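*Asks:* The following comprises the amino acid sequence and a computationally predicted model.
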Amino acid sequence: VQLQASGGGLVQPGGSLRLSCAASGLSTDVYAIGWFRQAPGQGREGVSCIKPDGSTFYAHSVKGRFTISRDGTQNTVYLQMNILKPEDTAIYYCAAGFPDLVLREAEYDYWGQGTLVTVSS
């Protein structure tokens with residue numbers, strides 16, 4: 001199983017980025033895919049999740065600004081991030097599992113390597 005996160009970079013406050021999580025060895029139509037982030041000196045926090053039935057979940061801090069989606073034909077999950085703020089700066093990870101608590105990292109079985117998002121002017 002591999003989860004390949006990509007799409008990070010440097011963006012100005014108010015800007016947008018789209019992260020991708022390409023999965024191999026498992027199907028995003030079967031596993032829930034979550035996005036997590038870890039800011040410098042802080043613990044990992046749940047950002048968003050999409051379940052196989054298409055239901056989506058967001059942390060309060062990103063609701064209304066981030067959108068998670070899935071392309072089953074590409075076996076890829078996306079995180080569209082708009083109106084980015086400096087506090088969104090972090091390494092973003094995607095994970096796969098069958099979570100009950102969708103934003104809790106311990107609920108996930110497989111993890112990607114992370115992609116760095118820096119929001120700065």
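*Replies:* Everything's here; your move.

*Asks:* I'd like to know the beta-bridge partner residues of the residue most central in space within the chain.
*Replies:* In the chain, the C-alpha nearest the mean C-alpha coordinate belongs to Trp35, at 2.5 Å (CA atoms, centre = their mean). Note on Trp35: beta-bridge partners Ser48, Cys94, judged by DSSP bridges.

*Asks:* so it sits right up against Arg44, yeah?
*Replies:* No. With contact defined as CB atoms under 8 Å, Trp35 does not count as touching Arg44 (10.8 Å). Placement of C-beta: from N, CA and C, glycine included.

*Asks:* shared neighbours of those two, which are they?
*Replies:* When contacts are counted by CB atoms under 8 Å, 6 or more residues apart in numbering, Trp35 and Arg44 are jointly contacted by Tyr93.

*Asks:* follow-up on the earlier one: quick one, what contacts the residue nearest to the centre of the chain?
*Replies:* 19, 21, 46-49, 68, 77, 79, 92-95.

*Asks:* Can I get those residues in TSV including neighbour count?
*Replies:* Conversion of these to TSV gives the following (neighbours: other CB atoms under 10 Å):
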residue	neighbour count
Leu19	24
Cys21	28
Gly46	22
Val47	25
Ser48	24
Cys49	26
Ile68	22
Val77	28
Leu79	26
Tyr92	24
Tyr93	23
Cys94	32
Ala95	24
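
*Asks:* got CSV for these, with distance to Ser55 and pLDDT too?
*Replies:* Rendered in CSV, the data for the contacts of Trp35 read as follows (distance: CB to CB, whole Å; pLDDT from 0 to 100):
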residue, distance to Ser55, pLDDT
Leu19, 20, 98
Cys21, 17, 98
Gly46, 15, 98
Val47, 16, 98
Ser48, 11, 98
Cys49, 9, 98
Ile68, 10, 98
Val77, 13, 98
Leu79, 16, 98
Tyr92, 21, 98
Tyr93, 21, 98
Cys94, 17, 98
Ala95, 17, 98
